[in-house]
Each structure stands twice: as structure tokens, then as C-alpha cells.
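In: Structure, please.
(chains A and B)
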Amino acid sequence: MILARLLAWVLLAVWLTWLFAIQARLGAGSAAAAWIPELGLVLAISILAHLEEREGPILALVLALSRSAFSSEPPVALLAGSLGLVLLGFGLRSVVELTGPLWRAIIAGGLVLVFDLWLALVHAARSLGAGPQVDAGPLLAAAATSALLALFASPVLARLPGLTPLRSRRW
Amino acid sequence: MGPSHFRTLGVIVFLFLAAVSLRPWKDCDAQFERAFEPARLLGNLAFPVSWLARDEVRAAEADLLAHEEARRAEGRAVLLAAQTRAAPRQDVLAHGRGLIHAEVFEHVQENPDRVLVRFAPGARVEAGMPVVCGDFYVGRVVSVPRAGEAAVDLVTGQDFRVGACVENAVRAADARPAPASLSAGEIPLLVVGGVVPRGRPGEKGARDLLLAVHCPSDRGAAAGEVRVREVDLGQDPFSALADGFLLGTLERTARDRASLLAVRPGLDYSGGLFQIAIVCPADRSGAGPDLARDPFDEAAWIDVSLQLQGDPTFWREGRIVRAGRDRNLEDGAALELGGNYLGCIARAGARSSSARLLGDAGHVISALASPVDADGAPAGAPIAIGRLTSFGRDRSTGEVFLRWEAAVPLPEEDGAPGVVAAIYTAAGQRAVPPGLRVGWTVLPRGPGPFLLRVRQEEDGLRLVALRAWRDPARGGPKEP
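Out: As a prediction, the model looks like this:
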């Protein structure tokens, strides 16, 4: 049982890495980069909807590690963002039904928006105002397409090969 | 552990991580970087993704390399022209003096009024020698830590003092009569050093950098040309060599409801100081301009590959480079291909590094502008434009927005358009050699700041193989 769960976490890291790679590659130099959904975050939110709460820190760590394979963001900011997303997700899960399509889409869009805002805030703080702030428009676009992805593809993402042991019957 | 305990603990950990993220604490940041570096091995899983459009990528790389020699030659020519401009233009300033060309390679972080310079290792440079840029006085050599390198204190330093006089002085209309000690026709003397405190936000010229004036012999002087004139020659055998060099123009400025005398410099000391000359006795002069370091020295460049052409954060232009300190890469090291500046290493890890391309907002470079004509041929002397800060990329046109402070603005001429120029990297950054082409832009005239639109020949967004600069002085690369 433990081995199966361990394997599931490893496979989640692999899936997340691929999704972040696809997301990064599609967005490189593209004028429509803001419209590309946060594929990796949507998968993490799909997993979070059915996860035991005590395994939340592992999800945050795997999410941060996978993204850091391609991201120039500081690892500590990725870890803080991932942990914040997981905590916020668990908090919302106890209020609304995350497995229902409408709430799933709304919560996914909101969490993606908060995560991207966090990274923008860290970038602005670290460059000491040397650069511009990110416009709200592109952030909302990424959140909207991520919400749509969660609406239609979240059940499929949560059932990707090897991830079943991470689903809890309680949720 | 129950859910409430987990959440409490989670929130505490989150708050700690958030604080470290927003207010970087160097040691802690470095520990996280080190701990996360092995995760970059996961990037190897993405090789099928990086194969997408590989033929197109290879064609772009081959095209860039095909014209590399032409770009290198242009870069070297711009550098030599910039070095020639470091020598005084007025014959009277060059007469009876020797000049040793030098290049700024670092602004000392702990002391922004001190720069480190490189010169030909055989040159006999000593502490106290004046340093100039064209006809302008810059500061003086304070130490020579090793052959070919010196530390220079700028006139902007708080404790720096240099004697000066005001030529063609104009007295203020409401000024008191000149003091009796100053006979008619005698030029006012003063001491210059340090900077005038910046004014209140909203005050006219509040952010202008002005040199502070001390002990003026005539407080009624309101305008004129300020030149170095050392009267106390007993202390320093080299101080007289600086006599006659320009400091700037005298003016009155309002600060905190008071009217202060100040000198408006003709140089951008904060970011526009790249090629300089050390003034020495005539018998020690160098043979002439020579590149303190050839930017295209093969020993200084290594081939590196990128993990992937892209960054999951869509508004960033970050990359992961598959090389680190194991191959002598350092923070800030330039990335180029075919003579084009593409970006730099943000943080060098043990075996991999994070990098940022020019279009990544907040990226800062020191730059030279070489005016060009309609055919793209050089059409004037290079202009040291100082620091440019990236404000991101216009994804629809591919142009990069670079903020230019224009601390020393281009002169305004009636109806004259801006200056079309090729932008090159300048000296002043330890790990970015000067002479790499950045792109083309139009420099507006008049006081800034401006947001320049820079067109790059290659933006590097789709490339997977680049070249990274490493300090040849640190020894050869350690191949894994």
C-alpha cells in the first residue's frame, strides 16, 4: 500500500513535469501566451479535491519541485505559492463541493489567479520596482482558461494513469 | 495530527516562506536553491517537448552563426571608437600628459562611488592619478590591487574633494558684491565633491544628480564652466595633471526652500561610465587604445544548452541552463549567440543555472549606442547611454521595451528626429563583455526617462543552444 502511494507521488511528479513543460513550450514567444491554461496547477487542484489533508504538504512539495525544473522563479517562492494554494484549496473544500463542475471551475480559476498574483508580487518585490507590474488582464485570461480546463478536463486529469492511490474515499 | 493542527502548522510555515520570498535573505535563499537544484533533473523528462520544431530552431541557430564574424567586427569597431572618445578632445588637455586607456568592469556594490577598472597590465598606474573620460574629470585612482586592475573613487563620493574654478563666471543679478579678497577679473575658486541631496518628490529637477559645491570664494557666482584647478599641490604629485579637465556647469538649485550652488555634470556617473583614461606623466603613456579584453576571445565562451525553450510563468522569459559553477559560470554571466546579446545567468548553481533573457522584466544592462544611417552603417561616435532596464516584450511585434533614464540627454535640435542607433553592451558589468549587439532603436532627444522599443535580430526565445561567458582568469572549464 505504501509502495503504491509512493509510486503514485512519483508519477504525479512526472505528469506535472510534462504538463509544465508543454505549458512553457506553448507559451514561449507566443502573443497568446496569457491564454494558455496553467496545466500543471489544474492537475494539482484536481488531485487536491480528493486528497487526504495530511498529504497536503507532499502535494505542495511535488508541485513546487516539478515547476522548478523549468521555472526561473526562486524555489522558496514556488514552495510558498504551492503551500498557499494547497491550504487555500483545503479551506475552500470544506465550504463548497470541489468535485461539482461549477465550483470546481470557479475555485480552479481563483486559485490559479492567486498563484500567478503571488509570483508577480515576488518578482516585483525582488526587482525592487525596476520593472513594470504585470497587467491584470493577462492574469485574468490565464485564470479563465484554467477554469475552463478544470470544468471539462479535471475528472480526466485526476484519473491519469498511476494517480488513483492518491484519491481518498472520504472526498 | 488533526486537520486544525495541520492547518495551523501549514499557515505558520507558509508565512515564513512568504516572508523569505518577499524579503530575500541571502543564505536562506541559497539553501532553497541548493535543495531544489536536483529537481531540475526532472526536466530531462521533457525532451520530447523540446524536440518540437527542432529543425526550425537549428535553422535559426545556423543563420545567426553564419553572420557572426561580421557582428564581431562591428562590435570591436564600436568599442575602439568608444575608447578613442575616452581621450581628451581639447589639445590643451592632452598636451604634456600621458594617457592609459582603461575599462570599467565593475561598480563596487558596497560603495557605489567606487569602480574597478582594467588596463594593459604593463602600464605603471599609481594611486592618486586622475581619471578622465573625454574632457571630463571622473575621479582618481585609490589603489592598484593587482597588475592591470585599479580601484577608482568617483567625484560623486561623499568624502571626495577636488579643487576647481569657474570660467566665464556669471554673477546672479541679486547677488551681493564680490568679496574684497576677489579682485576684479579673478576667477572664483571652489571645492567640488559629493552630490547634492535629492529634492522632494514633485520638485523640479528633484531627481537630477548634481555635484556638491563647497567653500566657494564668490557666493554670487551663478553660472559658468567648472574646471579642475588644484591649488594645494603639496600632498599629491599627480593632482596637477587633472587641472583644466571639466567637471560641468555651475548652477543654482532649490533644495528644501534654500538655493544651493551645484555643478551639473556632463557625465552619467551612475551608469554611463565605461571607457575612461588614467592621466599620468607623459613618459608613462600607453601606446594607444587597445581592448582591455576582447569580448569575443574564444577562451571566454563555452557552449551551453537550455532545459527547454520556455518558462511556465507566461510573463517571464526565464530559462534553465544545463551548466553551472562546475563549468565556471557565475551570476550575471552573459549569454550570446552569433555576437548577439540574449540574456544572462541570474543565479549559477552547482550543475545548472537559472537565466533570464532580455525580455524578462527587470533585466538591467549597461549599453552603448552607435548611431547608424539608413543603410545601417555607423554614422557617428558611440554614445554611452548608461543603464537600460527591461520592461518586458511586446509579444505582438517581438520588440523589447527598455527604460532609458537619459541622465545625460541628447541635445534637442529644432525639428530633429531621434537618433537611430544600434545598441551594444558596454563595460561596467563584470561578467558581461562589452561589444555584444543588443538590437536597434531610436533614441529620443531631450530629458528622459524614455521607454525605448528595441528590435533584436534574434530574441533567443526558441533557441536551445547558447554560449555563456566565463572569466578566463578563473581557469579552464571543468568538464564533467
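In: Check what pLDDT the residue in the stretch 201-350 of chain B that chain A sits nearest to gets.
Out: Residue nearest to chain A within the stretch 201-350 of chain B: residue B:318 (2.3 Å; C-beta to the nearest C-beta). Yep, even glycine has a C-beta here, placed from its N, CA and C like the rest. On the pLDDT scale, residue B:318 is placed at 93.
In: before we move on, what about the one 5 residues further on?
Out: At residue B:323 the predicted local distance difference test score is 93.
In: same question, residue A:99
Out: Confidence score, pLDDT, at residue A:99: 79.
In: how about the residue of the stretch 201-350 of chain B closest to chain A, what does it touch?
Out: A:71, A:72, A:73, B:311, B:346, B:354, B:355, B:356, B:357, B:360 (C-beta atoms under 8 Å, 6 or more residues apart in numbering or on different chains).
In: For it, list each beta-bridge partner.
Out: In this entry, residue B:318 is beta-bridged to residue B:356, by DSSP bridges.
In: Find the centremost residue of chain B, please.
Out: By C-alpha atoms, centre = their mean, chain B has its centre lying nearest to residue B:366, at 3.6 Å.
In: okay, now the residue in chain A positioned nearest to chain B: neighbour count?
Out: At 2.3 Å from chain B, residue A:72 is the closest residue in chain A, using C-beta to the nearest C-beta. Per other C-beta atoms under 10 Å in any protein chain shown, the neighbour tally for residue A:72 reads 22.
In: ditto for residue A:82
Out: 28.
In: which bits of the stretch 1-150 of chain B sit near chain A?
Out: Taking C-beta under 8 Å from any C-beta of the partner chain as the contact definition, the stretch 1-150 of chain B meets chain A at B:1, B:3, B:6-7, B:10-11, B:13-14, B:17-18, B:20-24, B:28-29, B:32-33, B:35-36, B:39-43, B:45-46, B:49-50, B:52.
In: A helix includes residue A:25, no?
Out: Yes - using DSSP: H, G, I helix; E, B strand; the rest coil, the assignment for residue A:25 is a helix.
In: That one is in contact with residue B:307, isn't it?
Out: No - between residue A:25 and residue B:307 there is no contact under C-beta atoms under 8 Å: 11.0 Å.
In: where exactly do the strands run in the stretch 1-150 of chain B?
Out: With strands called from DSSP state E, counting those that start in this stretch, the stretch 1-150 of chain B shows them at B:97-107, B:114-119, B:130-133, B:136-146, B:149-154.
In: Likewise for the stretch 201-350 of chain B?
Out: Under DSSP E, counting those that start in this stretch, the stretch 201-350 of chain B gives strands at B:211-214, B:221-228, B:246-255, B:258-265, B:275-281, B:301-305, B:318-321, B:334-337, B:340-348.
In: Report the rounded mean pLDDT for the longest one.
Out: Averaged across strand B:246-255, pLDDT comes to 86.
In: Dump the C-alpha coordinates for it into PDB.
Out: What follows is strand B:246-255, C-alpha atoms only, in PDB (Å, rounded to 0.1, in the frame of the first residue of the first chain):
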ATOM      1  CA  LEU B 246      35.800  69.800 -17.000                       C
ATOM      2  CA  LEU B 247      33.500  69.000 -14.000                       C
ATOM      3  CA  GLY B 248      30.400  70.500 -15.500                       C
ATOM      4  CA  THR B 249      28.400  73.700 -15.400                       C
ATOM      5  CA  LEU B 250      27.700  75.800 -12.300                       C
ATOM      6  CA  GLU B 251      24.000  76.400 -11.500                       C
ATOM      7  CA  ARG B 252      21.800  77.300  -8.600                       C
ATOM      8  CA  THR B 253      19.300  74.700  -7.500                       C
ATOM      9  CA  ALA B 254      16.500  74.800  -5.000                       C
ATOM     10  CA  ARG B 255      16.600  72.300  -2.200                       C
END
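In: What ranges does the chain have for its helices?
Out: In the absence of a named chain, this looks at chain A. Here chain A has its helices, by DSSP state H, at A:2-27, A:39-48, A:56-68, A:75-93, A:101-126, A:136-158.
In: Correction: the question concerned chain B.
Out: Using DSSP H, helices in chain B cover B:3-22, B:26-36, B:47-50, B:54-66, B:68-84, B:91-94.
In: looking at the ones you listed, which is closest to residue A:10?
Out: With distances scored as C-beta to C-beta, the stretch of the helices of chain B nearest to residue A:10 is helix B:26-36 (17.0 Å).
In: Next, the buried residues of the closest one.
Out: Neighbour-count burial for helix B:26-36, with 16 or more other C-beta atoms under 10 Å in any protein chain shown as criterion, is recorded at B:29, B:32, B:33, B:36.
In: circling back: now, of the contacts of residue B:318, which are buried?
Out: Buried among the contacts of residue B:318 (16+ other C-beta under 10 Å): A:71, A:72, A:73, B:311, B:346, B:354, B:355, B:356, B:357, B:360.
In: What is the burial count for the residue lying closest to residue A:134 once chain neighbours are set aside?
Out: Counting by C-beta to C-beta, 6 or more residues apart in numbering or on different chains, residue A:134 lies nearest to residue A:120, which is 4.4 Å off, once chain neighbours are set aside. Neighbours of residue A:120 under the rule other C-beta under 10 Å: 20.
In: before we move on, what about residue A:127?
Out: When neighbours are defined as other C-beta under 10 Å, residue A:127 has 17 of them.
In: Need the pLDDT of it.
Out: pLDDT, read off for residue A:127, is 80.
In: Quick check: it vs residue B:316, distance?
Out: 11 Å (C-beta to C-beta, to the nearest Å).
In: which residues are common contacts for those two?
Out: Common neighbours of residue A:127 and residue B:316 are listed as residue B:361 (criterion: C-beta under 8 Å, 6+ apart).
In: ok so, going back, which of the residues of the stretch 1-150 of chain B next to chain A count as buried?
Out: B:6-7, B:10, B:13-14, B:17-18, B:20-22, B:24, B:29, B:32-33, B:36, B:39-40, B:42-43, B:45-46, B:49-50.
In: Tell me which residue is most central in chain A.
Out: residue A:41 (1.7 Å).
In: Point out where chain A drops to low pLDDT.
Out: Along chain A, the model assigns pLDDT under 70 to residues A:1, A:128-133, A:169-171.
In: Please identify the most buried of the helices of chain A.
Out: Stretch with highest mean neighbour count among the helices of chain A: helix A:39-48 (a mean of 27; mean count of other C-beta atoms under 10 Å in any protein chain shown).
In: Contacts made by that one with the rest, please.
Out: For helix A:39-48, the external contacting residues (C-beta under 8 Å, 6+ apart) are A:12, A:15-16, A:19-20, A:22-23, A:56, A:59, A:63, A:66-67, A:82, A:85-86, A:89-90, A:93, A:98, A:107-108, A:111-112, A:115, A:146, A:149-150, A:153-155, A:157-158, A:160, A:163, A:166, B:312.
In: Kindly recompute the last result at 7 Å.
Out: A:12, A:15-16, A:19-20, A:22-23, A:59, A:63, A:66-67, A:86, A:89, A:108, A:111-112, A:115, A:146, A:149-150, A:154, A:157-158, A:163, A:166, B:312 (C-beta atoms under 7 Å, 6 or more residues apart in numbering or on different chains).
In: same deal with stretch A:63-82?
Out: A:13, A:16-17, A:20-21, A:24, A:40, A:44, A:60, A:115, A:118-119, A:122, B:14, B:17-18, B:20-21, B:29, B:32-33, B:36, B:39-40, B:42-43, B:307-308, B:310-313, B:316, B:318-320, B:346, B:354-356.
In: Okay then, goodbye and thanks.
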